[in-house]
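A.B. asks: The sequence and its predicted three-dimensional model are supplied below.
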Amino acid sequence: MTSSVPAVHLSNARLDRGGRTILRGLDLTVPRGSITAVLGPSGTGKSTLLAALTGELVPATGTVEVFGQPVPRNPRALLEMRKGIGVLLQGNGLLTDLSVAENVALPLRTHTSLPEPVLQRLVAMKLNAVGLRSAADLHPRELSGGMARRVALARALALDPPLMVYDEPLTGLDPIASGVIMSLIERLSRNLGLTSIIVSHHVRETLPIADQAVVIANGGIVFDGTPAALESSDDPLLRQFLHGQPDGPIPFESTRDQEVA
């Protein structure tokens, strides 16, 4: 795998759900080692795009490639590919009966045969990377929202995936916790050489750390470029989204109906 091969490449992809077309004509390249912000109003198809990247959703037409290879449809090959993609879910997905350390260890126990001392050392390293090594013996119910999100991040990093995907990582967090999470995402991405895709509608928090900005609205990609170019755009649709204007090319009434959960 050479550095010239993009981490993610979509070519003329159409994504359907429930017999409806959610996104069409998707052409997107995510360079390796970059941080890409996928922005857009709620309900416009951002999570549908993530489902195509992880193989949960097969494109109706076009292609979706990860590190130069089409997303496989064979279950065993798909599972192997997914080991290289870390996913941070909106709801964290922590198992309440397991301690913090046991939650982080779960992917390692499931997908490797590492000796226990090595596994425990890796868990400690991942928790240290998110600033929570001292919380190893706590349970999810004992954590704040920001701490739980960091534990979920440590778990997503457990297998050292080259590609990280964040689905609305700031949902439910206060401004301070949001700042901590975005700082962690940037630091880990840069220091570990990861490719990061952040799906969010939190524009002001996400754009400062991004190399590439993609805006999804009205059934497709309406912008793909640098954050600076996005913020300086005179396009009415982009201005409406960036400034939270209720009236404009993006109809508020229909955004919730455009995507099937």
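C.D. replies: Perfect, thanks for sending it.

A.B. asks: Which stretches in the protein count as helices?
C.D. replies: Listed from the start of the chain, the chain has helices (DSSP state H) covering 46-53, 75-82, 100-111, 116-129, 145-156, 175-192, 203-206, 227-231, 236-243, 252-255.

A.B. asks: With respect to residue 34, which of those lies nearest?
C.D. replies: Across those, the minimum distance to residue 34, taken as CB to CB, is reached by helix 175-192, at 8.5 Å. Just so you know, the C-beta spots here come from the backbone N, C-alpha and C atoms, and that holds for glycine as well.

A.B. asks: can you list the domain ranges for the protein.
C.D. replies: According to automatic domain parsing, the chain is divided into the following domains: 1-84+163-251, 91-160.

A.B. asks: so what's the nearest residue to residue 122 once chain neighbours are set aside scoring on pLDDT?
C.D. replies: Take residue 122 and drop its neighbours on the chain: the residue closest to it by CB to CB, 6 or more residues apart in numbering is residue 108, 6.2 Å away. Note for residue 108: predicted pLDDT of 93.

A.B. asks: Hmm, residue 108 is touching residue 116, no?
C.D. replies: No - shown here, residue 108 and residue 116 do not form a contact pair, counting by CB atoms under 8 Å, at 10.3 Å.

A.B. asks: higher neighbour count, these two?
C.D. replies: Neighbours around residue 108 and residue 116, counted as other CB atoms under 10 Å, are more numerous at residue 108. The numbers are 19 against 9.

A.B. asks: Which residues are in contact with that one?
C.D. replies: For residue 108, the residues meeting the contact criterion (CB atoms under 8 Å, 6 or more residues apart in numbering) are 114, 119, 122-123, 158-159.

A.B. asks: Mark which of those are buried, thanks.
C.D. replies: Among the contacts of residue 108, those buried by neighbour count (16 or more other CB atoms under 10 Å) are 119, 122-123, 158-159.

A.B. asks: Kindly reformat the residues you listed as a markdown table and extend each row with distance to residue 222 and pLDDT.
C.D. replies: Putting these into a markdown table (distance: CB to CB, whole Å; pLDDT from 0 to 100) gives the following:
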| residue | distance to residue 222 | pLDDT |
| --- | --- | --- |
| 119 | 45 | 94 |
| 122 | 41 | 94 |
| 123 | 42 | 95 |
| 158 | 36 | 92 |
| 159 | 34 | 91 |
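
A.B. asks: count of residues packed around residue 61?
C.D. replies: Close neighbours of residue 61, defined as other CB under 10 Å, add up to 14.

A.B. asks: Which residue is the nearest non-sequential neighbour of it?
C.D. replies: Among residues not flanking residue 61 along the chain, residue 14 sits closest, at 4.4 Å (CB to CB, 6+ apart).

A.B. asks: Next one: residue 25 relative to residue 10, how far apart?
C.D. replies: Here the criterion is CB to CB, to the nearest Å. By it, residue 25 lies 10 Å from residue 10.

A.B. asks: the more surrounded of the two?
C.D. replies: Relative neighbour count places residue 10 above the other of residue 25 and residue 10, with 23 against 13, counting by other CB under 10 Å.

A.B. asks: in the chain, what spans have low per-residue confidence?
C.D. replies: Counting by pLDDT under 70, the chain shows low-confidence ranges at 1-3, 245-261.

A.B. asks: I figured residue 95 hits residue 103, correct?
C.D. replies: Yes - counting by CB under 8 Å, residue 103 is a contact partner of residue 95 at 5.9 Å.

A.B. asks: can you list the contacts of residue 108 in CSV and add distance to residue 21?
C.D. replies: Output for the contacts of residue 108, formatted as CSV (distance: CB to CB, whole Å):
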residue, distance to residue 21
114, 44
119, 44
122, 43
123, 43
158, 36
159, 34
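
A.B. asks: Leaving out sequence neighbours, find the closest residue to residue 30.
C.D. replies: Once flanking residues are discounted, residue 30 sits nearest to residue 8: 3.9 Å by CB to CB, 6+ apart.

A.B. asks: Could I get the contacting residues of that neighbour?
C.D. replies: Counting by CB under 8 Å, 6+ apart, the residues that residue 8 touches are 28-30, 53, 64-66, 163, 195, 197.

A.B. asks: what about the residue nearest to residue 61, how many residues close to it?
C.D. replies: By other CB under 10 Å, neighbour count at residue 14 equals 17.
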